Structures are given as structure tokens and as C-alpha cells.
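Visitor: fold the stuff below for me.
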Amino acid sequence: MGFLIFALFSSNFSDTTYFRVITYNALNFSDNDFDRAGYFQTIFDSVNADIILVQEMIDEGGCDTLLNRLNSDGLEYERAEFIDGYDTDNILFYQTSKCTLISQGTIQTDLRDISEYVLKINNNEIRLYSCHLKASQGYPNEQRRLQEATKLRNWLNDSIPIGSEFIIVGDMNFYYDEPAYYKLIGEETNNNGRAEDPLEQPGDWHDNLSYADIHTQSTRDTSFGGGASGGLDDRFDFIFINFVMNDSSGIEYIEGSYRAYGNDGNHFNQSINDGVNDSVSVNVANALFYASDHLPVYADFLSLGSSGINDREIILEPSLSVDMIGLGVVKIRYELYKSNKVHIGIYNLLGQRVRSFQRNENAGKHMIIWDGEDSNMKKLSTGIYFIRFKVEDYTAVRKLFLVR
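Guide: Next up is the predicted model:
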């Protein structure tokens, strides 16, 4: 795997905030599920998400149980108000160090309501919608999902400010790229509410080995605790983003960060903890097995600071490009239009410089191979880094997601 580059940032990126969003169907979780609470804590500790949206909550006591588990390690999460509607319901948890809850609301459907949460991160607003659409196969159920998706799309088209940034998550119960899926992502006369599937993998997901690495249900090959069985063979759980979210302002999706957590692509029609799971530890695989019959799905985002992107600091595009040529091996290419001294610094999310290069170069095209190590020759871990390219008064910074 490699990383993707999608934007140039100004040299002052310290006020840009990284955050992770996760969606999880908790399988009818209530205040009586003390044993399962421990499994959820193991999963949440491992994923380390900043915004957590959960479906199939039974009661407020269950919400408090999960909140207490989230805060057991000294972190500071808060939750939205639990609104007890028909059938199971949604809840939002968020890290107070990064997020502020501005408002919440409800979009009513004929079955389970869709929850709206408006958060502020770095003075940027992001709207989150948690869904649990009608379950089961067959034309009547597909039509009910389409009706629910249409209500959400109409709300996004007509009832939120033009240009709003939003994320749609939840258990959609899509067996394939059915009409409800295209209602969310399709082009219409009004595209204010148009969403995008970051994976861009439409198809017949049900019981299809070709999509084994993105399936999210079921974590179990046999049924217990009211959960589904059969092993991983459906893509029910989704994260959608507003169409063309990555417009170099506000909230930006980090390309390639979307994951069905715990799915290593090798458990088609198997339990998530059968044999060896190459993507998580044995402890986490067991927790995923016992906590719910769904896998959580997460994606990573940036909330750009007030400095945003400054086109005046771009150096004669495309003078800087970055490519992964092997695991942990990076090719940095740049072009100068006159002889000059080049400064290249590599920074982590805390703004700490972990490696630097300085060269006197002639005009022309040049290349540096970076081995993914810091200045002490220690291999850097998978994560987000920034490459800062400076020549005289010109500066460009590219964001990258490095995968080992």
C-alpha cells in the first residue's frame, strides 16, 4: 500500500486538526450488557477514534455505559442526547479536545429515524448523519430503503446551507449498489446533498469474494446473542462524504484512510477471529467477534485551520511530487527554474520535524529517495506526515499517509 497526496497547505499547518470518524452497529446494546462493554472498550481503545457514531442502542443506560468505558483511560468524551424513538436508536460520542457539539436533530422515517449532529472542529462545521435503514433482501425492503434514503437526500438538498460539509454513516443494509445507494451518491438537479462513496466500489457485494476486504457483516459463522451468522459476506456499514469534499477548505477526507476495521480480506464467510487475523491482534479480533455481528468502519479527516490553502505559496506547479515506490520508501521529485538552495523537512502531526534534507541544486529536475526513517535512522510508524518544501521565500507542504 502507499499514500495519496491531495492538497498543498500553507507553511503554517499547526492549526490543522486531524480527526477519525467511526461508525458501529452495536447489536442492540443496553445497560444490561456489562460483558460486551469490555469488548467495546478494547475496540475503541485500539481504533482511537475522535467521533463515534453508534447504531442499535436500546436505552440511555447503555449510552452511559459506553461513555464511561471511553473515559476510563483518562480521555474526555461526551455524548449527544439519547433520543428514544421507535425500535433501536443512534448515539454520538465525541472527544471534547477536538470537537464541540453545536446541535442535533432528527429526520423522521417510517421505521428508524436518522439522527443529525452538527459539530464544530477548528471553527469548521461538519454535519454527521447516522442511519440504520430497513433490513433484509427483496424488492419491498429495497423500496423502503429507497424511501429512507430519499428523505435524507431531500433534507440535504433543501434544508441545510448550500455548501455544507457532511458525513453520512451507518448500517445501510445494502446488498448491492441498489437504488437507495445511488439516491445518496447520484447526480440530480439539486446536488447540494449529493454524497460520495470514498471506496468507489459499486457492485454486488453480497456473498461475493471479490469484495471480501470491504465486508462488514457478519463477524460470526454461527449465531448467538441475537446476532447474524454466516461469516463476513456483506457490505452493510458505510461512510459517505459530501461530493467533492476535498476542495482545499474546511473539512478534508484523507484519501485511502477508509477501513472496515478488523477485515484483513482473508475471512470471507468466516468468523473474524478464525485462525490468524493479519490486521488486528488476537485480543481485538476476539473483541470484534463477541461485541457485535458488525465490524466498525472508520475514515480519517482533516479540519483545515484558518490559514487554509494559500495559492500564492505554491511553487510553479507541478514542481513538487511525492510517490511511494515501496513500503516505507518515498520518492520526492521537484523542479527548479534557477539554481538555488532547497530545504525539505518532514513533520509529524504534532508539527515536530522528524527528518530534513538541504541541498544546493542547479536549475532542472531533481529527486530524493526517503527511506521512511527519522534523523536517528529509526523507521517511522504508519500515519500522517507532512513534507515541507522551501526555496527562498516560497513554501509548499504536502500531506501524506505513510503505510508500512
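Visitor: just the buried residues of the longest helix belonging to the chain, please?
Guide: Looking only at the chain and at elements set by DSSP state H, the helix with the highest residue count is helix 139-158. Neighbour counts using 16 or more other CB atoms under 10 Å place 141-142, 144-149, 151-153, 155-157 of helix 139-158 among the buried residues. The C-beta positions use only the backbone N, C-alpha and C, and glycine is treated the same way.
Visitor: same check, this time on stretch 179-192
Guide: By neighbour count with 16+ other CB under 10 Å, stretch 179-192 contains the buried residues 180-181, 183-185, 192.
Visitor: and that stretch, end to end?
Guide: Between the opening and closing residues of stretch 179-192 there is a gap of 19 Å (CA to CA, to the nearest Å).
Visitor: now do stretch 288-303
Guide: When the termini of stretch 288-303 are compared using CA to CA, they are 30 Å apart.
Visitor: equivalent analysis for stretch 275-289, please.
Guide: Counting by CA to CA, the length from the leading to the trailing residue of stretch 275-289 is 13 Å.
Visitor: contact partners of it?
Guide: Counting by CB atoms under 8 Å, 6 or more residues apart in numbering, the neighbours of stretch 275-289 from elsewhere in the structure are 38-40, 42-43, 46, 219-220, 261-264, 266-267, 271-273, 295.
Visitor: out of the buried residues of helix 139-158, who's nearest G105?
Guide: Taking CB to CB as the measure, G105 lies nearest W155 of the buried residues of helix 139-158, at 9.5 Å.
Visitor: and the residue lying closest to that closest one once chain neighbours are set aside, how many neighbours?
Guide: If the residues on either side of it in the chain are set aside, W155 comes closest to I107, at 5.3 Å by CB to CB, 6 or more residues apart in numbering. Applying other CB atoms under 10 Å, we find 17 residues neighbouring I107.
Visitor: kindly report the same for G326.
Guide: Neighbours of G326 under the rule other CB under 10 Å: 11.
Visitor: repeat for R112
Guide: R112: 24 surrounding residues under other CB under 10 Å.
Visitor: equivalent analysis for Q108, please.
Guide: 11.
Visitor: what about it, distance to F174?
Guide: Here the distance between Q108 and F174 works out to 21 Å (CB to CB, to the nearest Å).
Visitor: and what of N192?
Guide: Between N192 and F174 the computed distance is 23 Å (CB to CB).
Visitor: which helix or strand contains K183?
Guide: Taking DSSP states H and E as the definition, K183 sits inside helix 179-185.
Visitor: where does pLDDT dip in this protein?
Guide: Flagging of the chain using pLDDT under 70 yields the residue ranges 1-14, 306-319, 324-325.
Visitor: the lengthiest strand in it pairs with which strands, and in what direction?
Guide: In the chain, with assignment by DSSP state E, the single longest strand is strand 17-29. Sheet pairing for strand 17-29, assigned by DSSP bridges, gives strand 51-57 (parallel), strand 297-303 (antiparallel).
Visitor: and I384, what does it touch?
Guide: By CB under 8 Å, 6+ apart, the contact set of I384 is 18, 254, 300, 348-349, 399-402.
Visitor: which of these has the most neighbours?
Guide: Comparing these on neighbour count, K399 comes out first with 24 neighbours (neighbours: other CB under 10 Å).
Visitor: wasn't that residue part of a helix?
Guide: No: counting by DSSP: H, G, I helix; E, B strand; the rest coil, K399 is located in no helix; its state is strand.
Visitor: so what's it closest to, chain neighbours aside?
Guide: Leaving out its chain neighbours, the residue that sits closest to K399 by CB to CB, 6+ apart is F386, at 5.6 Å.
Visitor: output the helix or strand hosting that neighbour as PDB, restricted to C-alpha atoms.
Guide: Assigned by DSSP H and E, F386 belongs to strand 383-391. As requested, C-alpha coordinates have been extracted for strand 383-391 and formatted as PDB (Å, rounded to 0.1, in the frame of the first residue of the first chain):
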ATOM      1  CA  GLY A 383       0.500   7.600  10.000                       C
ATOM      2  CA  ILE A 384       0.100  11.100   8.600                       C
ATOM      3  CA  TYR A 385       3.200  13.200   7.800                       C
ATOM      4  CA  PHE A 386       3.900  16.500   6.000                       C
ATOM      5  CA  ILE A 387       6.600  17.200   3.500                       C
ATOM      6  CA  ARG A 388       7.600  20.900   3.600                       C
ATOM      7  CA  PHE A 389       9.400  22.200   0.600                       C
ATOM      8  CA  LYS A 390      11.100  25.600   0.800                       C
ATOM      9  CA  VAL A 391      13.100  27.600  -1.700                       C
END
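Visitor: what pairs with it, parallel or antiparallel?
Guide: In the sheet, strand 383-391 lines up against strand 340-347 (antiparallel), strand 394-402 (antiparallel) (DSSP bridges).
Visitor: hmm, back to that, what does the helix holding K183 contact?
Guide: By CB under 8 Å, 6+ apart, the residues outside helix 179-185 that reach it are 133, 142, 145-146, 148-150, 152-153, 168, 172, 174, 194-197, 202, 240, 243.
Visitor: again, only this time at 7 Å
Guide: Helix 179-185 is contacted from outside by 133, 142, 145-146, 149-150, 153, 168, 174, 194-197, 240, using CB atoms under 7 Å, 6 or more residues apart in numbering.
Visitor: which residue ranges form the helices in the stretch 151-300 of the chain?
Guide: Secondary structure of the stretch 151-300 of the chain (DSSP state H, counting those that start in this stretch): helices located at 179-185, 282-291.
Visitor: which one of those helices lies closest to Y394?
Guide: With CB to CB, the closest approach to Y394 among the helices of the stretch 151-300 of the chain belongs to helix 179-185: 38.5 Å.
Visitor: so how far is the closest one from its chain's centroid?
Guide: Centre-to-centre, helix 179-185 and its host chain are 20 Å apart (CA atoms, centre = their mean, to the nearest Å).
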